[in-house]
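> Predicted model follows, preceded by the sequence.
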Amino acid sequence: AQSVSQHNHHVILSEAASLELGCNYSYGGTVNLFWYVQYPGQHLQLLLKYFSGDPLVKGIKGFEAEFIKSKFSFNLRKPSVQWSDTAEYFCAVNARSSGSARQLTFGSGTQLTVLP
Amino acid sequence: DSGVTQTPKHLITATGQRVTLRCSPRSGDLSVYWYQQSLDQGLQFLIQYYNGEERAKGNILERFSAQQFPDLHSELNLSSLELGDSALYFCASSVELASYNEQFFGPGTRLTVL
């Protein structure tokens, strides 16, 4: 079974600072990778996803993530954060082909607080 | 707004009771997923239905069951409720079965068991 680790539980940044949130997964096969964001009081929304091709993926709102297969990592980055990026960020993975395919396994989440 | 609706938004009940959570997927989506989000377990996959049939099961307790109806809405039934069942229950939907399809999440139902 797959698992996902997000090592940063709470990150506090000032506006305009750069962001990198770590995500590592554990699974021996081919995976699809996702970053979801949950703004306060709202539903989970997809930021970006990777399933094949260019390992550098660009998402909405200026976010990007890089899939490094050798490190089993899919870190989320943004060059300059804004106050409106304050939210909880979840990394998720599903196995490309297995009995549990399409079942998303989520990390524990990282709460990002951006100070104005 | 993701297009996925869930009712009720909040539910407060007592131990030993039974509740039903309802989810309507986005128009055209055939697949429905249920997730549980709690402080100690995080976001966990419970079960998936596709076009009325169960397709995948995660860490779903035997006291919990779900179904998807012909109009594609889904219900999650939780019975013999325990304090530890207090959590946020999310429903998500996607167009089809492909593993890279985005899942669209509803606003969730917050269940409090007293």
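Good, I have the coordinates. All of these numbers come straight from a predicted model, not from anything done at the bench.

> now the strands: where do they sit in chain B?
B:5-7, B:10-13, B:19-24, B:31-38, B:42-50, B:53-57, B:64-68, B:74-78, B:87-94, B:104-105, B:109-113 (DSSP state E).

> could the ones you listed be laid out in TSV, adding mean pLDDT?
Converted to TSV, those look like this (pLDDT from 0 to 100):
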stretch	mean pLDDT
strand B:5-7	97
strand B:10-13	97
strand B:19-24	98
strand B:31-38	94
strand B:42-50	92
strand B:53-57	90
strand B:64-68	97
strand B:74-78	98
strand B:87-94	95
strand B:104-105	94
strand B:109-113	97
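
> want to try CSV for the ones you listed, with mean neighbour count as columns?
Quick note: C-beta positions are derived from backbone N, CA and C, even for glycine. Formatted as CSV, the strands of chain B follow (neighbours: other Cβ atoms under 10 Å in any protein chain shown):
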stretch, mean neighbour count
strand B:5-7, 16
strand B:10-13, 14
strand B:19-24, 19
strand B:31-38, 24
strand B:42-50, 22
strand B:53-57, 14
strand B:64-68, 19
strand B:74-78, 20
strand B:87-94, 24
strand B:104-105, 22
strand B:109-113, 18
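
> Please list the residues outside stretch A:24-33 that contact it.
A:1-5, A:7, A:23, A:49-51, A:65, A:67, A:71-74, A:91-98, A:105, B:99-100 (Cβ atoms under 8 Å, 6 or more residues apart in numbering or on different chains).

> for the residue most central in space within chain B, what are its contacts?
What sits nearest the mean C-alpha location of chain B, by Cα atoms, centre = their mean, is B:W34, with 3.1 Å. Going by Cβ under 8 Å, 6+ apart, B:W34 touches B:23, B:45-48, B:60, B:66, B:74, B:76, B:89-92.

> distance of it from A:F106?
13 Å (Cβ to Cβ, to the nearest Å).

> what does chain B put close to chain A?
Counting by Cβ under 8 Å from any Cβ of the partner chain, chain B comes close to chain A at B:2, B:4, B:31, B:33, B:35, B:42-45, B:48, B:55-56, B:58, B:90, B:92, B:94, B:97-108.

> make it 6 Å
Applying Cβ under 6 Å from any Cβ of the partner chain, one finds that chain B approaches chain A through B:S2, B:G42, B:L43, B:F45, B:A56, B:G58, B:S99, B:Y100, B:E102, B:F105, B:P107.
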